[in-house]
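Colleague: Return a 3D structure for these sequence lines:
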Amino acid sequence: QVQLVESGGGLVQAGDSLTLSCAASGRTFSSYTMAWFRQVPGTEREYVASIMWSDSNTFYADSVKGRFTITRDNAKNTVYLQMNSLKLEDTAVYYCAARPIRLGVSSSWRLYDYWGQGTQVTVSS
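Modeller: Down below sits the predicted model:
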């Protein structure tokens, strides 16, 4: 089992930056692929980014590529999502998720076993 707690959401203006954090507790953090998803009410949860062992094993949705950066600090059991050049369409609840690293990386929310409670990001014009 692993418990995930997100933080760092808030209200920002278009073009601003924001960094989300996800603190993990439980089993060995480094044994999990970590990911960020986001969801707007009434829509399906959308893949944002994922990271495997290190910052050199990262993957992004096309909608955020070049603007968002996912990193992890295994010593702090924390994964981050640095979001730059935020757009109105980035408004959503952002969720941190984990799945065993031996299963690889996936962009499907259905294949992640553990979830945080979510943190709201609102981008205004």
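Colleague: Which helix or which strand is home to the spatially most central residue of the chain?
Modeller: Centroid-nearest residue in the chain, with CA atoms, centre = their mean: Trp36, separated by 2.1 Å. Per DSSP states H and E: Trp36 is located in strand 32-39.
Colleague: Please compute how far that strand lies from its chain's middle.
Modeller: Its chain's average C-alpha position is 4 Å from that of strand 32-39, according to CA atoms, centre = their mean, to the nearest Å.
Colleague: in that strand, what's buried?
Modeller: 32-38 (16 or more other CB atoms under 10 Å). Placement of C-beta: from N, CA and C, glycine included.
Colleague: repeat for stretch 81-100
Modeller: Neighbour counts over stretch 81-100 (16+ other CB under 10 Å) mark 81, 83, 86, 90-99 as buried.
Colleague: Just the C-alpha atoms of that stretch, please, in PDB.
Modeller: Only the C-alpha atoms of stretch 81-100 are listed here, as PDB (Å, rounded to 0.1, in the frame of the first residue of the first chain):
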ATOM      1  CA  LEU A  81       4.600  18.700 -11.400                       C
ATOM      2  CA  GLN A  82       6.000  22.000 -12.500                       C
ATOM      3  CA  MET A  83       3.400  23.800 -14.700                       C
ATOM      4  CA  ASN A  84       4.500  26.800 -16.800                       C
ATOM      5  CA  SER A  85       2.600  28.900 -19.300                       C
ATOM      6  CA  LEU A  86      -0.700  27.800 -17.800                       C
ATOM      7  CA  LYS A  87      -3.800  28.000 -20.000                       C
ATOM      8  CA  LEU A  88      -7.400  28.300 -19.200                       C
ATOM      9  CA  GLU A  89      -7.900  24.700 -20.400                       C
ATOM     10  CA  ASP A  90      -5.500  23.500 -17.700                       C
ATOM     11  CA  THR A  91      -8.200  24.200 -15.100                       C
ATOM     12  CA  ALA A  92      -9.000  20.900 -13.400                       C
ATOM     13  CA  VAL A  93      -8.600  18.800 -10.300                       C
ATOM     14  CA  TYR A  94      -5.100  17.300 -10.500                       C
ATOM     15  CA  TYR A  95      -4.500  13.800  -9.100                       C
ATOM     16  CA  CYS A  96      -1.300  12.000  -8.200                       C
ATOM     17  CA  ALA A  97      -1.300   8.200  -9.000                       C
ATOM     18  CA  ALA A  98       1.000   5.300  -8.500                       C
ATOM     19  CA  ARG A  99       1.500   1.800 -10.000                       C
ATOM     20  CA  PRO A 100       4.200  -0.800  -9.400                       C
END
